[in-house]
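A.B. asks: Here is my input; please provide its structure:
(one chain, ligands or ions: 1)
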Amino acid sequence: MRLISLAALLAILAPMQGIATTSNAWSNIPAPSDGEAESIGGYANGCLNGGEALPAEGRGYQVVRLSRNRYYGHPALIDFIQDLGNRVADKNLGLMLVADMNQPRGGPMPSGHSSHQSGLDADIWLPLDYKRIDGKRDHLKSVAMADRHKFTMNYDAWSDRQGELIRLAAEDPRVARIFLNPRIKMELCNMEWEDRRWLRKIRPWFKHHSHFHVRLKCPQGNAACKNQAPPPAGDGCGKELAEWHPDKRKLWKKSSGKKSRPPLPQQCNQVLSRK
Ligand SMILES: [Zn+2]
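C.D. replies: Presented below is the predicted three-dimensional model:
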């Protein structure tokens, strides 16, 4: 009998039995491509040329779950995280833990995210009290700051420092939006702030109760990069937030169903085959 590779077998079985594949062409590529940095396509349908790795250790931050090999991004994203780490350190907020960013050349991930494809998305954990540890930090777990089913806060874990961290990220002009659990956004809305304009960028979304997801705007000169329309005007603290409730995910799943994805932009074929 001819031997069939595990990846090929999974690819055959996955559509039949709903088994999640553990790899794809994009996740198998170990390193970024050469050439000038360019984010190509959309956040949920794109890829990254000339990406950079975020150093695992830096001032104010540390990368977790290194074995996943998802700590890459457009240089604009690397700069953003390092700048945010510096602000976290300057303000003594604790240690910022950075989780999934992008695969070395971006592209769709076989598991975990539909976006994080064009080199401009990053997940940042909400807990700030972890000590620096050695190793790959694969088994470190984050802490839920809200109960996403009951819509209550976990005040044993939440503090003003989390609010400050999210504000620092949102006020950065490079940031387009931040996805966060609606119950936690509600908490931010109820806090007093000198300037509330940044709250507009905080977009309520399912889960995101132990981390927040930062999305940057397309870097200048990246002609093939697709921005999202800006968030609606206002701080989004009123009606829009009130419409969120624990059952919304069920309703949303029912209405959205399984959509087939459009093919990746043509340029991504070259990114995949480049040295
Ligand atoms: Zn994310």
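
A.B. asks: all contacts plus neighbour counts: C-alpha atoms, from now on.
C.D. replies: Fine.

A.B. asks: So which bits of the stretch 151-275 of the chain are right by the ion?
C.D. replies: Residues of the stretch 151-275 of the chain found near the ion, taking C-alpha under 5 Å from the ion as the criterion, are residue 213.

A.B. asks: what's the span of stretch 118-126, first residue to last?
C.D. replies: 23 Å (C-alpha to C-alpha, to the nearest Å).

A.B. asks: For that stretch, the averaged confidence score.
C.D. replies: Taken as a whole, stretch 118-126 has a mean pLDDT of 98.

A.B. asks: what's the answer for stretch 24-32, then?
C.D. replies: 95.

A.B. asks: and what of stretch 173-192?
C.D. replies: For stretch 173-192, the per-residue pLDDT averages 96.

A.B. asks: Could you tell me which residues make contact with the closest residue in space to residue 55 that isn't next to it in sequence?
C.D. replies: In this structure, residue 55 finds its nearest non-sequential neighbour in residue 63, 7.8 Å apart by C-alpha to C-alpha, 6 or more residues apart in numbering. Residues counted as contacts of residue 63 (C-alpha atoms under 8 Å, 6 or more residues apart in numbering) are 55, 56, 57, 71, 97, 98, 99.

A.B. asks: List buried members of the residues you listed by neighbour count.
C.D. replies: Among those, the ones that count as buried by 16 or more other C-alpha atoms under 10 Å are 71, 97, 98, 99.

A.B. asks: So which of those residues are in helices?
C.D. replies: Among the buried ones among the contacts of residue 63, no member falls in helices (criterion: DSSP state H).

A.B. asks: quick one: low-confidence ranges for the stretch 51-200 of the chain?
C.D. replies: Within the stretch 51-200 of the chain, no stretch falls below the threshold (pLDDT under 70).

A.B. asks: where do the helices sit along it?
C.D. replies: 75-90, 160-170, 182-190 (DSSP state H, counting those that start in this stretch).

A.B. asks: sorry, back to before: in the sheet, which residues pair with the residue nearest to residue 55? Tell me.
C.D. replies: Judged by DSSP bridges, the bridge partners of residue 63 are residue 98.

A.B. asks: can you tell me how far it sits from the ion?
C.D. replies: Per C-alpha to the ion, to the nearest Å, residue 63 is found 14 Å from the ion.

A.B. asks: Would you agree residue 202 is in contact with residue 181?
C.D. replies: No. Counting by C-alpha atoms under 8 Å, no contact exists between residue 202 and residue 181, whose distance comes to 9.3 Å.

A.B. asks: The two: which is more packed in?
C.D. replies: Between residue 202 and residue 181, counting by other C-alpha atoms under 10 Å, residue 202 is the more crowded of the two (28 against 24).

A.B. asks: Tell me how many other residues crowd the residue nearest to the more buried one when sequence neighbours are not counted.
C.D. replies: Once flanking residues are discounted, residue 202 sits nearest to residue 178: 4.9 Å by C-alpha to C-alpha, 6+ apart. Using other C-alpha under 10 Å, residue 178 has 24 neighbouring residues.

A.B. asks: Over to residue 138?
C.D. replies: 11.

A.B. asks: Just confirm it contacts residue 64, I think it does.
C.D. replies: Yes. At 6.5 Å, residue 138 counts as touching residue 64 under the criterion of C-alpha under 8 Å.

A.B. asks: Surely residue 24 and residue 106 touch.
C.D. replies: No. In this structure, residue 24 is not within contact of residue 106 by C-alpha under 8 Å, at 11.7 Å.
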